[in-house]
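# Pasted the sequence and its predicted model underneath.
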Amino acid sequence: MNRLGSTLEGIQGTAVTIQFNSAGGDLRAAIAMGRMIRRHGVATSVGRAGAGRHETLPGKCLSACTMAYLGGRFRY
């Protein structure tokens, strides 16, 4: 969690989208991540990186992942 917070602090003022591809995990950690994401005004999306630099493939965001995803200011 500290790593996410440090990264978001370091890019403040930059348009960023966090991409999720997860089967879930720790609900409390996901809620905390969602709050941190919302506090920094970051957008979220579901997908995974493809072979090309800007290629996005379908992904999944299940269970606890949804709590972090919903923290996004804009959700794609």
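Perfect, I can see it now.

# how much space between the residue positioned nearest the centre of the chain and residue 53?
A centroid search over the chain (CA atoms, centre = their mean) returns residue 18, at 3.7 Å, as the residue closest to the centre. According to CB to CB, to the nearest Å, residue 18 stands 17 Å off from residue 53. The way it works is simple: take the backbone N, C-alpha and C, and place the C-beta from them, glycine included.

# cool, and residue 76?
For residue 76, the distance to residue 53 - CB to CB - is 18 Å.

# next one: residue 30
For residue 30, the distance to residue 53 - CB to CB - is 28 Å.

# Would you mind telling me which of those two has more residues around it?
The neighbour count for residue 30 versus residue 53, taken as other CB atoms under 10 Å, is higher for residue 30 (22 against 6).

# That one - that's part of a helix, no?
Yes - assessed with DSSP: H, G, I helix; E, B strand; the rest coil, residue 30 lies in a helix.

# Confirm for me that it is in contact with residue 68.
Yes - judged on CB atoms under 8 Å, residue 30 makes contact with residue 68 at a distance of 4.5 Å.

# Residue 56 - nearest residue in space that isn't next to it in sequence?
Leaving out its chain neighbours, the residue that sits closest to residue 56 by CB to CB, 6 or more residues apart in numbering is residue 47, at 4.2 Å.

# who's in contact with the one you found?
19-21, 56-59 (CB atoms under 8 Å, 6 or more residues apart in numbering).

# got it, and residue 58?
Applying CB under 8 Å, 6+ apart, the residues contacting residue 58 are 47-48.

# Please tell me how far it sits from residue 48.
According to CB to CB, residue 58 and residue 48 sit 8 Å apart.

# got it, and residue 34?
Taken as CB to CB, the span from residue 34 to residue 48 is 20 Å.

# Which one's more surrounded, these two?
More neighbours surround residue 34 than the other of residue 34 and residue 48, with 20 against 14 (other CB under 10 Å).

# is it fair to say the more buried one lies in a strand?
No - per three-state DSSP, residue 34 lies outside any strand segment and is helix.

# Kind regards, and thank you for your time.
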